[in-house]
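J.: generate a structure from the sequence data that follows.
(chains A and B)
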Amino acid sequence: MRRYFFIIIIIVFLYLSNNSVTFASSNYVLPYPSAMPGSFVYKLELVKEYLMSYWYFGDFGQFKYNLQESDKYLVEAKTLFDYKQYLLGYQALTNSDQYFEKIRPSLISAQNHNKDISEKLSILKEAALKHIEELNKMRKNVPETFVWSPEKRKPSNLNLGWLILNSIKIRGQVL
Amino acid sequence: MIRLSVLIYLLSLACFAFFTFAFVDIHLFYLRNLYTGLYLTHRLELSAVFTLLVAVLFGCFYIFITNSDKLKHLTNKLVLLVVAAAIIAYPAALTFDIFNYMTTAKVVYQYHENPYVIYPLEFVGEPNLLFTRATNKLALYGPFWILLTAIPYFLGFGNFILTLFSFKAFIALFYLATVYLIRKMDRNAVIFFALNPLVVVETLVSSHNDIVMVFFALLAVYFIKLDKVSSIVAFVGSVLIKFSTAFLIPVYLLSFFSKLKSERIYAYSAISMLVIFALSPIREELYPWYAIWFIAFTAFLNKNKFLQTLVLVFSFGLMLRYIPYIATGNYFGPTPIIRNALMILPVLIFLISIWLKRYFPSRL
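T.: The predicted structure is shown next:
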């Protein structure tokens, strides 16, 4: 009887240990959340973001800038979704996608200027993996759709599930 | 005596220039025909030669400043001969900063990237990475310096050796311009600055950009009573080369808005630059070429012979800081302690001798 009990425990343990879904993981480190929309600091951050787009000139500069901004907005979206600020989170994730889509052209331009992009490509792949990892986590906690009803305006439907899937698709293109 | 010391000084300097080629880097494939490997195999002999040459140069320099009246008519020729003797030297014998200037210029003018956000290390396959130090650091100098480096960079026409020597020539021009400016401000100050072996070695041999920063700082002082706008432009230019002259802001504002005597301006400036020099270990470490910052202003305080001799002795001590590295090839272990001891020792000996002379005048 004891033997059977022991076997059952092992089977249950093995089942539980394999039950959790493991996503592709990456050592890439995302930044801390920055200031959030609505604060005065956030407005200053927007000004800085605009100015930095010129400061980070050059192909590698643009690579760095777009990746940093994409990371920043992804973390912002995640934080906002955690606090159920779906409209702001939606906008942040859209921004992150826009910046991410600009990364590859900057690398193509660098390659055209005879710069070795092998290291940058591996950084980009690591970043994409990390983004996908975070986006998959987001998918679990965010509703598929959300009706946003602002005061004195028509409500709008935010297709959050589609947005997150699209974000994953964008990142997946660089893998 | 003075003519002999001039001859010995120039010969020693030419020997020093020749001596620097013993340090041609093994990774510097552009100069592989000049590579000897002596800096790896004959460390002690090289440290002995270095000590000897530095001692002789400072000995001659002491004779120059104590007989400056006899040397005045020779100053122009001497300065030009000093440039001619030192400019041929290999610039990375004692430090590697010139490669850093060149690589930063390459990041901007060849790769069209911002050196304040992109590390040189990020350019995989870049040949300069083989021999440039601090490639894991963003641009260390101000934007005005980076802008100015466009001149020697483009004059190099993409050829490494031509670029290396155009950077050297560019720095040498600033040395000559600084000497000319000092001469315009006070003829008696030229020898103390222009022939100080530390200034000569660090500017004309190792080609540090501190001379460019100092030139614009002196230009700002020169214009302060003649043309306020030019003075401000020159001062801002100086700060935007290496930031250290930002420590001159209080003195500069004081002299800008009050009728401060020139001597006071120089004295306060020398003190300010000495303070930032002394604080430099907080940021990194005490590099000998930082002394150029205060030597430039001390040159004008020629009434104070004690101070000038003290600065001379300290300059000598600072040059001795190189010995432990030349002898051991590393910056660790006992090197930092020995380096500081060698720097302080000449100053202590000088101060003790002064004290002894004062209290036992009859016996010495």
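J.: for A:S156, which non-adjacent residue is closest in space?
T.: In this structure, A:S156 finds its nearest non-sequential neighbour in A:W148, 5.1 Å apart by CB to CB, 6 or more residues apart in numbering or on different chains. Any C-beta I mention is one placed from the backbone N, CA and C, and that applies to glycine too.
J.: now B:D97
T.: Nearest non-adjacent residue to B:D97 (CB to CB, 6+ apart): B:H208, at 5.9 Å.
J.: and if you look at B:F167?
T.: B:P152 (4.4 Å).
J.: surely the one you found is in contact with B:A169?
T.: Yes: at 7.2 Å, B:P152 and B:A169 qualify as touching, with contact defined as CB atoms under 8 Å.
J.: for chain A, see how far away the closest residue to B:G37 other than its chain neighbours is.
T.: Of all residues not flanking B:G37 in the chain, B:I26 sits nearest, at 6.8 Å (CB to CB, 6+ apart). Using CB to the nearest CB, to the nearest Å, one gets 24 Å for the distance from B:I26 to chain A.
J.: try B:K106
T.: 12 Å.
J.: give the contact list for that residue.
T.: B:P120, B:E126, B:N128, B:Y153 (CB atoms under 8 Å, 6 or more residues apart in numbering or on different chains).
J.: show me the shaky parts of the chain.
T.: In the absence of a named chain, this looks at chain A. Filtered on pLDDT under 70, chain A yields the residue ranges A:1-25.
J.: that's the wrong chain, I meant chain B
T.: Across chain B, the ranges flagged by pLDDT under 70 are B:362-364.
J.: try 80
T.: B:361-364 (pLDDT under 80).
J.: contact residues of it facing chain A?
T.: Residues of chain B lying close to chain A (CB under 8 Å from any CB of the partner chain) are B:Y111, B:H112, B:E113, B:N114, B:Y116, B:V117, B:I118, B:E122, B:F123, B:V124, B:G125.
J.: after the longest helix along chain A, which helix or strand is next?
T.: Looking across chain A with DSSP state H, the single longest helix is helix A:86-112. The helix or strand immediately downstream of helix A:86-112 is helix A:118-141, counting by DSSP states H and E.
J.: just list what that following helix packs against, helices and strands only.
T.: In terms of contacts (3 or more CB pairs under 8 Å, 6 or more residues apart in numbering or on different chains; DSSP states H and E), helix A:118-141 is packed against helix A:59-82, helix A:86-112, helix A:160-172.
J.: let me have these in CSV, extended by distance to B:T51 and mean neighbour count.
T.: Shown next, in CSV, are the helices and strands packed on helix A:118-141 (distance: least, CB to CB, whole Å; neighbours: other CB atoms under 10 Å in any protein chain shown):
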stretch, distance to B:T51, mean neighbour count
helix A:59-82, 45, 22
helix A:86-112, 49, 19
helix A:160-172, 61, 17
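J.: B:L34 is in contact with the residue nearest to B:G37, correct?
T.: No: with contact defined as CB under 8 Å, B:I26 does not count as touching B:L34 (11.3 Å).
J.: can you pick the most crowded of the residues of chain B next to chain A?
T.: Within those, most neighbours by other CB atoms under 10 Å in any protein chain shown means B:E113, with 27 neighbours.
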